[in-house]
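*Asks:* got a structure for you, letters missing:
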């Protein structure tokens, strides 16, 4: 049978079937007199997949076989045909499923050791009810814990042909979690005086009060000068000059005050006064 004659038969069979079909199942549709082999069916499937280019459906091979399905780019519109909302799964369930998929066969205590929390029985029950995981054996340790592995239904649901199509763990680690992201908007610029890192290091030359006021004015948001009353501006200038005068007075008193060289010299005046008082008495 020619490929052009075979294509409509294979296409109709895939559309009529409620489940994906394998090449062997498609081959059972033909009698021996039709002289249709698996190689011809595979070529017909390739031709049908090529015909779907640019259309809203695609011919996809998954774990259970071949099936027609809606393309991802048109799915938002097609999903409006169904009133019920798609299922939403918790982060704990997806983490448990991912550990089983990547490290199968794996036991429940091993999953709890990796995640650091106890695995809820409802999570395991939900995964088993959806036929995404199954018990594939038992670990030969005390307690005989069950070993879990994924099923073909898991591959079909996630549109995979085999476990080899799972993304590598290195790519998953490089993916950024949207919930862990942060705002990349740069903060507004701020004018900050350069201070020495070492607290014992001497500070550079002092900035005059007029220059400091000018820097503060540049760092502050622009203000309409017509909105500031004159008496407030004069008061602000007077406060600045008073602060500068107080700082100069403190510095002068600090430099003029003599510092004793040693503790003995500091105690000497007190000793002289005591001797004088003793002689007068």
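*Replies:* Good, I have the coordinates. If you're wondering where the values come from, they're calculated on a predicted model, not measured in any experiment.
*Asks:* need the contact partners of whichever strand or helix holds residue 78.
*Replies:* In the assignment (DSSP states H and E), residue 78 maps to helix 75-78. For helix 75-78, contacts defined as C-beta atoms under 8 Å, 6 or more residues apart in numbering pick out 56, 70. Using the backbone N, CA and C atoms, a C-beta is placed for each residue, glycine as well.
*Asks:* other residues contacting stretch 145-157?
*Replies:* Outside stretch 145-157, the residues touching it (C-beta under 8 Å, 6+ apart) are 20, 62-64, 97, 100-101, 104-109, 124, 130-139, 161-163.
*Asks:* what residue ranges in the stretch 51-200 of the chain score low on pLDDT?
*Replies:* Counting by pLDDT under 70, the stretch 51-200 of the chain shows low-confidence ranges at 171-200.
*Asks:* quick check: closest non-adjacent residue to residue 56.
*Replies:* residue 74 (4.8 Å; C-beta to C-beta, 6 or more residues apart in numbering).
*Asks:* distance of the one you found from residue 128?
*Replies:* Remark: distance between residue 74 and residue 128 (C-beta to C-beta, to the nearest Å) = 33 Å.
*Asks:* same question, residue 114
*Replies:* Distance from residue 114 to residue 128, counting by C-beta to C-beta: 20 Å.
*Asks:* isn't residue 42 up against residue 23?
*Replies:* Yes: assessed by C-beta atoms under 8 Å, residue 42 is found in contact with residue 23 at 6.0 Å.
*Asks:* care to break this structure down by domain?
*Replies:* The record's domain parsing of the chain by automatic domain parsing lists 3-81, 91-176.
*Asks:* with mean neighbour count added, can I get the ones you listed in TSV?
*Replies:* Below are the domains of the chain laid out as TSV (neighbours: other C-beta atoms under 10 Å):
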stretch	mean neighbour count
domain 3-81	14
domain 91-176	14
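*Asks:* tell me the contacts of residue 34?
*Replies:* By C-beta under 8 Å, 6+ apart, the residues touching residue 34 are residue 1.
*Asks:* quick check: it vs residue 119, distance?
*Replies:* Residue 34 sits 53 Å away from residue 119, going by C-beta to C-beta.
*Asks:* cool, residue 7 as well?
*Replies:* Distance, residue 7 to residue 119, using C-beta to C-beta: 48 Å.
*Asks:* do residue 14 as well
*Replies:* Distance of residue 14 to residue 119, given as C-beta to C-beta: 39 Å.
*Asks:* can you pull out the strands in the stretch 51-200 of the chain?
*Replies:* 57-62, 65-70, 106-107, 133-138, 146-150 (DSSP state E, counting those that start in this stretch).
*Asks:* need those in JSON lines with distance to residue 78, can you?
*Replies:* Listed next are those as JSON lines, based on distance: least, C-beta to C-beta, whole Å:
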{"stretch": "strand 57-62", "distance to residue 78": "10"}
{"stretch": "strand 65-70", "distance to residue 78": "5"}
{"stretch": "strand 106-107", "distance to residue 78": "36"}
{"stretch": "strand 133-138", "distance to residue 78": "29"}
{"stretch": "strand 146-150", "distance to residue 78": "27"}
